[in-house]
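**Q** Following is a predicted model, sequence given first.
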Protein chains: 2
Amino acid sequence: MSPRTEPTVPKAHAKAATLRKSAPVFAALGDPTRLRLLGALCAGGAMSITQLTAGSAITRQAVTRHLDILAGAGLVSDVRQGRERLWQFEPTRLHEARRSLEAIGQQWDQALQRLRTAVER
Amino acid sequence: MSPRTEPTVPKAHAKAATLRKSAPVFAALGDPTRLRLLGALCAGGAMSITQLTAGSAITRQAVTRHLDILAGAGLVSDVRQGRERLWQFEPTRLHEARRSLEAIGQQWDQALQRLRTAVER
DNA sequence: GAATCATGCAACCTCGCAGTTGCATTTATC
DNA sequence: GATAAATGCAACTGCGAGGTTGCATGATTC
């Protein structure tokens, strides 16, 4: 076998798997209310449910459900402190999702370049 | 007026607006079937509806609906060619969405750093 | 320990999404 | 021009998401 394996094509299977894995993250990001909550947590640090409900037009229970969905996607986490429950931003999954989008873009660029070389010759 | 305006703080309002604008893009990306379609279009170039339906377990009409949703988010576009309708990937909105995620991450990093300096003094 | 604040739990409603089936329409092909 | 292929259009079903109201529970504070 050749001493160096070919790293030029990083396996389309793995890319597709990573992409499919981040589908729930995108689904969680696909709601304006949840994006607003995420932005608030990201800018203001840890906040309680009532604090997050304060500026909104929806009910505390609705906010709770949205926070549960964000937590299910791994985008936020909660910590109990006394009688209130503090929610905080969790950046890991967001970075993974961003890398997934980058991977799609790069795959697109590669496909485009292959098409160009195929047309030229 | 000063010859250079201050570009250090790019306005949290603008960030929130950009973020909210890309909510439908994330919603469109939040479905495994649509991610699969997008991946196929991205790797294989322009494809017809029947071609995209071929490998799938769902109906042609369902694929059509998913493509309409992707088109509504500006992620794909269609071109009629003869009796078939070719769909192709559209990278602009995807790049915008990626930049939105980057903006969130940077905002988070800045907030974290502000918190650290506030604790230290 | 009684009032109060923050949250949890559960039932209920509405609406849109994902998917289907059936049939009509346009375009190639022979 | 008849047949077949690719798509368009419309109605229907099932189900889960988003939101609400009402009441119960746990933690603070006086």
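**A** Sure, I can see it. Numbers count the residues shown, from 1 in each chain, chains lettered A, B, ... in the order given.
**Q** Surely A:Gln88 forms part of a strand?
**A** Yes: A:Gln88: assigned to a strand according to DSSP: H, G, I helix; E, B strand; the rest coil.
**Q** residues near the residue nearest to it when sequence neighbours are not counted, how many?
**A** The spatial neighbour of A:Gln88 that comes closest, neighbours along the chain excluded (C-beta to C-beta, 6 or more residues apart in numbering or on different chains), is A:Ala46 at 4.3 Å. Glycine gets a C-beta too; all of them are placed from N, C-alpha and C. Per other C-beta atoms under 10 Å in any protein chain shown, the neighbour tally for A:Ala46 reads 16.
**Q** Likewise for A:Val63?
**A** A:Val63, neighbours per other C-beta under 10 Å, totals 21.
**Q** which one is it nearest to, not counting chain neighbours?
**A** Using C-beta to C-beta, 6+ apart, the closest residue to A:Val63 is A:Thr53 (4.8 Å).
**Q** What parts of chain A come near DNA strand C?
**A** A:48-50, A:60-61, A:64, A:83-85 (C-beta under 7 Å from any atom of the strand).
**Q** ok, the residue nearest to A:Gln88 touching A:Leu86?
**A** Yes: in terms of C-beta atoms under 8 Å, A:Ala46 counts as a neighbour of A:Leu86; the distance is 4.2 Å.
**Q** Between these two, which contacts overlap?
**A** A:Val79 (C-beta atoms under 8 Å, 6 or more residues apart in numbering or on different chains).
**Q** how about the helices in chain A?
**A** A:12-21, A:23-29, A:32-44, A:49-54, A:60-72, A:91-120 (DSSP state H).
**Q** Just the CA coordinates for the second one, please, in PDB.
**A** The reference is to helix A:23-29. Below are the C-alpha coordinates for helix A:23-29, written out as PDB (Å, rounded to 0.1, in the frame of the first residue of the first chain):
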ATOM      1  CA  ALA A  23     -30.500  19.000  11.600                       C
ATOM      2  CA  PRO A  24     -32.100  19.300  15.100                       C
ATOM      3  CA  VAL A  25     -29.700  22.300  15.800                       C
ATOM      4  CA  PHE A  26     -30.900  24.000  12.600                       C
ATOM      5  CA  ALA A  27     -34.500  23.200  13.500                       C
ATOM      6  CA  ALA A  28     -34.000  24.800  16.900                       C
ATOM      7  CA  LEU A  29     -32.500  27.900  15.300                       C
END
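**Q** Let me know whether it sits next to chain B.
**A** Yes: Helix A:23-29 lies within reach of chain B by C-beta under 8 Å from any C-beta of the partner chain, at A:23-24, A:26-29.
**Q** okay but A:Leu37 is in contact with A:Val63, surely?
**A** Yes: the pair A:Leu37 / A:Val63 is scored as a contact, 7.1 Å apart, by C-beta under 8 Å.
**Q** hang on, the earlier thing: of the residues of chain A next to DNA strand C, which is the nearest to B:Val76?
**A** A:Thr64 (35.4 Å; C-beta to C-beta).
**Q** ok, now which ones touch the residue nearest to that closest one when sequence neighbours are not counted?
**A** Closest residue in space to A:Thr64, ignoring its immediate chain neighbours: A:Ile49 at 5.9 Å, by C-beta to C-beta, 6+ apart. Applying C-beta under 8 Å, 6+ apart to A:Ile49 gives the contacts A:60, A:63-64, A:67, A:84-85, A:87.
**Q** any chance of the residues of chain A next to DNA strand C in TSV, with pLDDT and distance to A:Leu112 too?
**A** Shown next, in TSV, are the residues of chain A next to DNA strand C (pLDDT from 0 to 100; distance: C-beta to C-beta, whole Å):
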residue	pLDDT	distance to A:Leu112
A:Ser48	97	48
A:Ile49	98	47
A:Thr50	97	50
A:Arg60	98	49
A:Gln61	98	48
A:Thr64	98	45
A:Arg83	95	56
A:Glu84	96	52
A:Arg85	97	48
